[in-house]
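In: Next comes the sequence, and after it the predicted model I'd like to discuss.
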Amino acid sequence: MFRAIQAQLSRCAPLFCIAFAASVASASAETTVRMMHVDPNPKNVAVWREIADQFEASHPGTKVKLEYLENEAFKAKLPTLLQSKDAPDLFYSWSGGVLKAQAEAGVVKDLSKEMQANGGAWAKSYVPAAMNGVTINGKPMCVPFKLSVIGFFYNKALFKKAGVDAEAIATWDDLTAAVKKLKAAGVTPISVGAGDKWPLHFYWSYLALRLGGEEAFAAAKAGKDGGFTAKPFVQASTMVQEFGKLEPFQPGYLGTKWLDSLGMFADQRAAMLLTFDDSAKRQVAVAADGKGIPLDDLGVFPFPSVKGGKGDGATFGGVNCWAVSRNASPEALEFAKFLTGKEAEQKMAEAGMIIPAAAGADVGIKDPFMKLFAGRLAKSPFHQIYLDQDLGPSVGRVVNDVTVEVVSGAMTPEKAVKQIQEAFELEK
Amino acid sequence: MSGSPLRKERPEGASSPVLGWPKRPPSRPRQASWRVAAWRSSGGNLGRTWPVIVLFLPPALLLFTMFVILPMGEAGWYSLFRWSGYGPPTEFVGLRNFAILLGNSAFRTALTNNALIILVSLALQLPLAMWTAMLLSHRIRGTVTFRLVFFLPYVLADVAAGLIWRFVYDGDYGLIAALAGFLGFGPVYVLADRDIAIYAVLAVVVWKYFGFHMMLFIAGLQAIDNSYYEAADLDGATGWQKFRYVTLPLLGPTVRLSVFFAVIGSLQLFDLVMPLTGGGPSDSTQTLVTFLYTYGVTRMRVGFGSAVGVVLFVICIVLAFTYKRILMRHD
């Protein structure tokens, strides 16, 4: 209560306390939980609001405030915001290196105590992949709420036209064969937004994951076998370079932005797209005709395996979570728990918003493709987070940069991995 | 009260032509006593200007200190640390950020790009602006419309201009694509080509800013008295001679100012490039500021970004001051 009054006071200070009396009167009655998010979709926010209203009803005296900031602005403002008195109680996070920097600066709360209480009841309410994703230096630093998986979406009509059977694509060689067939049939095999760089890093990361599995990434991070200059990474670089030589992407792909590549796929001008699990919905939103590829014509298959690789079945994608700032009230923590509980997550899954982090909530998923991906995730032995999150923004972006260079043939695989390793060493 | 201190002093000072001016030795003493008079009069004025200073200086000084002086000093300080922006900077690395910067190939590309932009601004943009200004400075029907048309790109927000040109350059649907198709070429993807992208950016820069310089030149041209041209005509000067010996010398101050704006503007180029290419492909269109943003801000390397900022600051200051000292000292 006192904290809330203090918060109100500090907020009204810049306004010269015009509303001083009023705010004290209202603050003495309730605690406010401020949650900052980056979701511009009003439908998604409405679902959160509904859950927040439920929470308010069952916790009299607590108000939940959802605050929206645009993605880039959010990322740029967060460091200042979190170190000020005006920090939100809960805020959207992609986990990984950014969260690590925040944890090391002490601006987010270590949730070990709360999550491990009662035999770890809270921690156990999430799927293991999600908990792994939010664990920094062995400690849970964030409340997981969403998982995402990257996989191939394809256009059945275009595949049929080229005589390619998607079911038969199991290995990387199958994929390259499919690319050649599609090209021969005059179809652009894959659209990619290499202008934004990160969509292309999916290929390199997934190949490295398929080749070396969990051990390769663990070893590289520990600096063993020459770190990122180890064999799986060199091999992954060589493979994407050879793949690039086939010219599998749309012409001018180096300048294409991510949304344009999604649009190309939606407008049926490319047969495949390596993308997020919820792309069935995304492609409709950006299609030129407002409809996109009909659901019956849309298919998915997992990233192909590599002969002799150690990472079959592993998944690559993201974990999103609600970070709790250091001065958050107990009510805020309570709300984070409620928002990511099975019931609430199931509701979000039903709305097609997420692959839930809460265990058992995936029964709510209705989108057939997200369901497939969720199933794969449930069986996944290891879920690798996006490298630009996992390795931190600095090293991650070097990965993005060099992938583009390697695929377009402007850099040798050896030089590429060396650059990643140098960036990684610089960060330590 | 009004103006009285000044008036009282006038008779004592040498500036009064009535009191003893012819008797005094020329020049130096006159200057000296004039200075004394000026000093005295300002001292006398201080009583009146005090409230003005107290009222108007602090807000400006405070804002300037808070948002200009302080951040500059801080950037210099942060540039000596390896710092992500979280917590206080603790890891002192000396000049390592600057060493890394100099070894970075993207930074060198950014530097050469900036040099190229300055070069094109001076060698292409200003002559073009001058030429259109000469055409449009006369008061003939229709010139106002053309002035407006050429000035319009400058009014446009940089981001909007960048997005518009992204569409123009689009290899599938853009104007360039249609043009290439019409001429029988295959599709060209200007912004996706490492070797061409920077020229595409340069074209947009010239298109966007030449109108501004044209306006400066028009204003300068209209200030030139017509009698000079009449005299030149009487002497039988050719068009070129009139330009070379009348227009150009009299337009000198405007040209020097225009060059100054072009150079400083080129160094600060950012919001046009971001939507257009984002510095890509392969960092081939980075400028100093987009480099600062991509390598400093988005990678959470505030210390490194500050080092870039310091370098940019030094370049700007050196260019601005030497230029003002050497070329604009008479203006």
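Out: Good, I have the coordinates.

In: Write out the residues of the stretch 201-331 of chain B neighbouring chain A.
Out: By Cβ under 8 Å from any Cβ of the partner chain, the part of the stretch 201-331 of chain B that sits against chain A consists of B:277-278, B:280-283, B:294, B:297-302. Every C-beta, even on glycine, is put in place using the N, C-alpha and C of the backbone.

In: try it again with 10 Å
Out: B:275-278, B:280-284, B:293-295, B:297-302, B:304 (Cβ under 10 Å from any Cβ of the partner chain).

In: Mark which of these are buried, thanks.
Out: Among these, those that count as buried by neighbour count (16 or more other Cβ atoms under 10 Å in any protein chain shown) are B:275-278, B:280-284, B:293-295, B:297-302, B:304.

In: Take the residues you listed and keep only those in strands.
Out: The members of these all map outside strands under DSSP state E.

In: out of those residues, which are inside helices?
Out: B:275-276, B:302, B:304 (DSSP state H).

In: Greatest separation within these: which pair is it?
Out: B:Leu276 and B:Val302 (26.0 Å; Cβ to Cβ).

In: Can you pull the phi and psi angles for the residue of chain B found nearest chain A?
Out: Nearest residue of chain B to chain A (Cβ to the nearest Cβ) works out as B:Tyr189 at 2.8 Å. Main-chain dihedrals, B:Tyr189, degrees, to the nearest 10: phi -110, psi 90.

In: And for the one 5 residues further on?
Out: For B:Arg194, the backbone dihedrals (degrees, to the nearest 10) come out as phi -50, psi -40.

In: Based on its surroundings, how many neighbours for the closest residue to the residue of chain B closest to chain A other than its chain neighbours?
Out: By the measure of Cβ to Cβ, 6 or more residues apart in numbering or on different chains, the closest residue to B:Tyr189 outside its immediate chain neighbours is A:Gly252, 2.8 Å from it. A:Gly252 has 22 neighbouring residues, counting by other Cβ atoms under 10 Å in any protein chain shown.

In: Touching stretch B:173-190 from outside, list them.
Out: A:250-256, B:165-172, B:191, B:196-197, B:199-201, B:203, B:277, B:281 (Cβ atoms under 10 Å, 6 or more residues apart in numbering or on different chains).

In: give me that answer again for 8 Å
Out: Applying Cβ atoms under 8 Å, 6 or more residues apart in numbering or on different chains, the contact partners of stretch B:173-190 are A:251-252, A:254-255, B:167-172, B:196-197, B:200.

In: buried stuff in it?
Out: B:174, B:176-177, B:180, B:188-190.

In: swap in stretch A:341-359?
Out: Result for stretch A:341-359 [16+ other Cβ under 10 Å]: buried residues A:341-342, A:344-349, A:351-359.

In: try stretch A:109-117
Out: For stretch A:109-117, by 16+ other Cβ under 10 Å, it's A:109-111, A:114-115.

In: by contact count, what packs against the strand or helix carrying A:Arg34?
Out: In this structure, A:Arg34 sits in strand A:31-37 according to DSSP states H and E. Where contact means 3 or more Cβ pairs under 8 Å, 6 or more residues apart in numbering or on different chains; DSSP states H and E, strand A:31-37 is packed against helix A:2-12, helix A:42-58, strand A:62-68, strand A:90-93, helix A:330-339.

In: Can you give the distance of that strand from its chain's centre?
Out: 22 Å (Cα atoms, centre = their mean, to the nearest Å).

In: Sheet partners, orientation included, of that strand?
Out: Strand pairing for strand A:31-37, using DSSP bridges, gives strand A:62-68 (parallel), strand A:90-93 (parallel).

In: residues in contact with the last one?
Out: Contacts to strand A:90-93, defined as Cβ under 8 Å, 6+ apart, come from residues A:33-39, A:74, A:78, A:82, A:99, A:102, A:142-143, A:320-325, A:328, A:332, A:335-336.

In: Show me how far that strand is from its chain's centre.
Out: 13 Å.

In: And for the longest one?
Out: Centre-to-centre, strand A:62-68 and its host chain are 23 Å apart (Cα atoms, centre = their mean).

In: Next, the buried residues of it.
Out: So for strand A:62-68, counting by 16+ other Cβ under 10 Å, buried means A:62-64, A:66.

In: Pick out the residue of chain A closest to chain B.
Out: A:Gly252 (2.8 Å).

In: What does that residue show for phi and psi?
Out: phi 70, psi 20.

In: re the thing from before, would you list the strands paired with strand A:31-37 in JSON lines and tack on mean pLDDT?
Out: Converted to JSON lines, the strands paired with strand A:31-37 look like this (pLDDT from 0 to 100):
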{"stretch": "strand A:62-68", "mean pLDDT": "94"}
{"stretch": "strand A:90-93", "mean pLDDT": "95"}
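
In: that older thread, the residue of chain A closest to chain B contacts B:Ala197, doesn't it?
Out: No: with contact defined as Cβ atoms under 8 Å, A:Gly252 does not reach B:Ala197; the gap is 11.0 Å.

In: Specify the beta-bridge partners of residue 92.
Out: In the absence of a named chain, chain A is used. A:Trp322.

In: you looked at the wrong chain, it should be chain B
Out: Residues in beta-bridge contact with B:Phe92 (DSSP bridges): B:Phe81.

In: Quick test: name the residue nearest the centre of the chain.
Out: No chain specified, so I'll use chain A. Central residue of chain A (Cα atoms, centre = their mean): A:Gly318, 3.1 Å from the mean position.

In: if you could check chain B rather than the one you did, that'd help
Out: Closest-to-mean residue, chain B, Cα atoms, centre = their mean: B:Phe261 / 2.6 Å.

In: Let me know the secondary structure of it.
Out: Put simply, B:Phe261 is helix when judged by DSSP: H, G, I helix; E, B strand; the rest coil.

In: got the domain boundaries for chain A?
Out: A:2-148+A:318-384, A:150-316+A:385-427 (automatic domain parsing).

In: Which one of these lies nearest to B:Ala157?
Out: Once these are compared by Cβ to Cβ, domain A:2-148+A:318-384 is nearest, at 16.9 Å.

In: I am finished for the moment; much appreciated.
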